[in-house]
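[1] I would like to see how this sequence folds:
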Amino acid sequence: MITNFFIPELNNYDVQELWFQQDGATCHTARATIYLLKDTFGDRLISRFRPVNWPPRSCDLTPLDYLLWGYVKSLVYADKPQTLDHLEDNIRRVIADIRPQMLEKVIENWTSRLDYIRASRGSQMPEIILKM
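    Next comes the predicted model:
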């Protein structure tokens, strides 16, 4: 996927301005994967054991983790797709139905999380901060 889709898709962007962040799952940090990503992003790779390490409790910081994937997953699997085509159709439909207003709320919530972390000097969030 990285070789056949992701890296070719990056040709549409100025990669020198992009950072890549992934979680520290062992399957995501295999040497071959890290070498591919390091060739593309250099030191702008946020991952386990990289120059910029995966931040602790980062699911508190990353809107994709704390909201979007769970939201999308709950809707994609609501009708229990039985085929790959059905699953793909559901994913496309759910993503297409995400409204700009929802994303604006997500960004507002994300900035409040960052403000909290700055004010607490990086300490753990005592509770989930999620306002939709």
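[2] May I ask which helix or strand of this protein has the lowest mean pLDDT?
    Lowest on mean pLDDT, DSSP states H and E among the helices and strands of the chain sits helix 63, with a mean of 70.
[3] Would you mind pulling up the elements that it packs against?
    helix 100-119 (3 or more Cβ pairs under 8 Å, 6 or more residues apart in numbering; DSSP states H and E). The C-beta positions use only the backbone N, C-alpha and C, and glycine is treated the same way.
[4] which of the residues in the helix it packs on are buried?
    106, 109-110, 113, 117 (16 or more other Cβ atoms under 10 Å).
[5] before we move on, back to that, could you give the mean pLDDT of the following helix or strand past the least confident helix or strand of the chain?
    Remark: after helix 63, the chain's next helix or strand is helix 69-76, criterion DSSP states H and E. Helix 69-76 carries an average pLDDT of 89.
[6] could you check the angle helix 100-119 makes with helix 69-76?
    Here the directions of helix 69-76 and helix 100-119 differ by 150 degrees (axes from the mean of the first three to the mean of the last three Cα atoms, to 10 degrees).
[7] going on from helix 69-76, what's the next piece of helix or strand?
    helix 84-96.
[8] send the alpha carbons of that next one over as PDB?
    Provided in PDB are the C-alpha atoms of helix 84-96 (Å, rounded to 0.1, in the frame of the first residue of the first chain):
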ATOM      1  CA  LEU A  84     -15.600  -6.500   0.400                       C
ATOM      2  CA  ASP A  85     -17.600  -4.500  -2.200                       C
ATOM      3  CA  HIS A  86     -20.300  -3.800   0.400                       C
ATOM      4  CA  LEU A  87     -17.600  -2.700   3.000                       C
ATOM      5  CA  GLU A  88     -15.900  -0.400   0.400                       C
ATOM      6  CA  ASP A  89     -19.200   1.100  -0.600                       C
ATOM      7  CA  ASN A  90     -20.000   1.800   3.100                       C
ATOM      8  CA  ILE A  91     -16.600   3.400   3.700                       C
ATOM      9  CA  ARG A  92     -17.000   5.700   0.600                       C
ATOM     10  CA  ARG A  93     -20.500   6.700   1.600                       C
ATOM     11  CA  VAL A  94     -19.600   7.400   5.300                       C
ATOM     12  CA  ILE A  95     -16.600   9.500   4.400                       C
ATOM     13  CA  ALA A  96     -18.500  11.400   1.700                       C
END
